[in-house]
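Enquirer: Next come a sequence and a model predicted from it.
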Amino acid sequence: MSPNGKTFHQKYAPCIIGTLLLFVFILPKTTLTWAASMHQSYTSYMTANIRNDSLHVALKYDITDLERVFKLDSDGNTAVDQAEMEAGMPLIFDFLTEQITIRFDYLAARMRPGKSEIVEDDLGNEFIVFHFIAKVADNAGTIGIRVNHFQVFGEFFKTLGVLQTPGASEQMIFTDATPAAQFSLRQGGTPVFKQLYAFVLLGIEHIFIGVDHIMFLIGLLLPGGRFMNAIKIVTAFTVSHSITLLLAAFQLVQIPGWIIESGIALSIIYIAIENIYQQKATNRWLSAGAFGLIHGFGFANVLGALGIPAHSTTASLFSFNVGVEIGQIAIVALILPVITLMAKTQYMKHFVWAGSAIIFIFGATWFLDRAFDIPIALL
């Protein structure tokens, strides 16, 4: 306790935060670029629609992913215009024709390229959609789809999609570990368990690659405390994000994506600052519940891109949420013992400051990028 009655961290926290803000702006370019891009999911989307005797396939890729592989930005102005896109189309169409394989009863379908178009999502991200068409084999009983582009786009890249057949609609998830899937075209379709299992895995994967969600969760638990406090925090976060996940997925509440992503970044900043000012924060479960509502909308963005049909939304949402909770429990099981051990040492205060500083830096860079579209690497 200092002579003026303030504790050390109360006295110096503003200086610490000011230093961290300055540090954000002088970090090396490569570090900031990495920090600002950690939330990217590296995802493409596929819609396969069987109508009569034709299969119509639409493949949607983020332009930044395509630029990373095909170098579309020929004039170097960091933007891909219509002319540059059209110049690269023949090469990309040839690549996709080779990398996406579709078979009907093990008979390969000939994919004929169609048109391409540029679309934009709520966050302002631009995508190129490629259209293909193929003839459906007579009396085909199964359709097999294989995606082989993960060696090019990276092992963490994934393709999410929907297969629509007369009277049925099924979700598809392709990753480097599971690049192929087969679906029945007969009555009854693919077993429900197989589809739900895929969404459980998607939920687990999303929580582990969603570094912002992990940072927030670590920030909540960082001050330590009794084991029951951790249970209350995790439960409050789970209940609240599950509520908004359902509301958003059923389109009962819709909020622009950039607001949600910026809100998630702000929640991380808030928790980090609270940890510095008040290391033994009381009623932390209230913060977990309040900010969990925002994080739930972030989880919903993953499923929203799939266009899940109404008749299968509930089961898919439940499975995805189960996967998120499994991943969340695994993270808590890893970090809580470390925090508990540190709480028994004289270094706990410094441990909380250091951890909160790191969390704050990440939150600040994400917020600047998401809220103001500031190219962090240039600051």
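Expert: Arrived safely.

Enquirer: quick one, longest helix in this structure?
Expert: Criterion DSSP state H: the longest helix present in the chain is helix 310-343.

Enquirer: same for that helix, what does it pack against?
Expert: strand 168-175, helix 192-209, helix 211-221, helix 227-249, helix 284-304 (3 or more C-beta pairs under 8 Å, 6 or more residues apart in numbering; DSSP states H and E). The C-beta positions use only the backbone N, C-alpha and C, and glycine is treated the same way.

Enquirer: Following the chain onward from it, which element is next?
Expert: The helix or strand immediately downstream of helix 310-343 is helix 348-372, counting by DSSP states H and E.

Enquirer: Once you drop chain neighbours, what's closest to residue 197?
Expert: Sequence neighbours aside, residue 319 is the residue nearest to residue 197 in space, at 7.4 Å (criterion: C-beta to C-beta, 6 or more residues apart in numbering).

Enquirer: can you check residue 79 too?
Expert: Residue 79 sits nearest to residue 73 (C-beta to C-beta, 6+ apart), 6.9 Å away.

Enquirer: now swap in residue 214 and tell me
Expert: Closest to residue 214 by C-beta to C-beta, 6+ apart is residue 331, at 6.1 Å.

Enquirer: Could you pull up the contacting residues of the one you found?
Expert: By C-beta atoms under 8 Å, 6 or more residues apart in numbering, residue 331 lies in contact with 207, 208, 214, 217, 218.

Enquirer: Would you confirm that the residue nearest to residue 79 belongs to a helix?
Expert: No. Counting by DSSP: H, G, I helix; E, B strand; the rest coil, residue 73 falls outside a helix, being coil.

Enquirer: That one: neighbour count?
Expert: Neighbours of residue 73 under the rule other C-beta atoms under 10 Å: 15.

Enquirer: Confirm for me that it is in contact with residue 85.
Expert: No. Residue 73 lies out of contact with residue 85 (C-beta atoms under 8 Å); the separation is 10.1 Å.

Enquirer: Can you work out which residues contact both of those two?
Expert: What both residue 73 and residue 85 touch, as defined by C-beta under 8 Å, 6+ apart, is an empty set.

Enquirer: tell me the contacts of residue 286?
Expert: Counted by C-beta under 8 Å, 6+ apart, residue 286 has contacts residue 236.

Enquirer: returning to that earlier point: among the helices and strands packed on helix 310-343, which is nearest residue 120?
Expert: helix 284-304 (14.9 Å; C-beta to C-beta).

Enquirer: buried ones in that closest one?
Expert: Residues of helix 284-304 classed as buried: 284-285, 287-289, 291-304 (neighbour count, 16 or more other C-beta atoms under 10 Å).

Enquirer: after the lowest-mean-pLDDT helix or strand in the chain, next one along is what?
Expert: Lowest on mean pLDDT, DSSP states H and E among the helices and strands of the chain sits helix 29-36, with a mean of 36. Using DSSP H and E, the next helix or strand after helix 29-36 towards the C-terminus is strand 43-51.

Enquirer: tilt between that following strand and helix 284-304?
Expert: Strand 43-51 and helix 284-304 meet at an angle of 50 degrees, taking axes from the mean of the first three to the mean of the last three C-alpha atoms, to 10 degrees as the criterion.

Enquirer: so what strands line up beside strand 43-51?
Expert: Paired neighbours of strand 43-51 in the sheet (DSSP bridges): strand 54-62 (antiparallel), strand 158-165 (parallel).

Enquirer: Mind putting these into JSON lines with distance to residue 256 and mean neighbour count?
Expert: Putting the strands paired with strand 43-51 into JSON lines (distance: least, C-beta to C-beta, whole Å; neighbours: other C-beta atoms under 10 Å) gives the following:
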{"stretch": "strand 54-62", "distance to residue 256": "18", "mean neighbour count": "20"}
{"stretch": "strand 158-165", "distance to residue 256": "21", "mean neighbour count": "21"}
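
Enquirer: Quickly, which of these bottoms out on average pLDDT?
Expert: Looking at these, the lowest mean pLDDT belongs to strand 158-165 (a mean of 86).

Enquirer: how about that strand as PDB, C-alpha atoms only?
Expert: Extracted as PDB, the C-alpha positions of strand 158-165 are listed here (Å, rounded to 0.1, in the frame of the first residue of the first chain):
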ATOM      1  CA  LYS A 158     -11.800 -26.000 -44.600                       C
ATOM      2  CA  THR A 159     -14.700 -26.100 -47.000                       C
ATOM      3  CA  LEU A 160     -18.300 -25.900 -45.600                       C
ATOM      4  CA  GLY A 161     -21.200 -26.600 -47.800                       C
ATOM      5  CA  VAL A 162     -24.700 -27.800 -48.400                       C
ATOM      6  CA  LEU A 163     -25.900 -30.600 -50.700                       C
ATOM      7  CA  GLN A 164     -29.400 -30.100 -51.900                       C
ATOM      8  CA  THR A 165     -31.300 -33.000 -53.500                       C
END
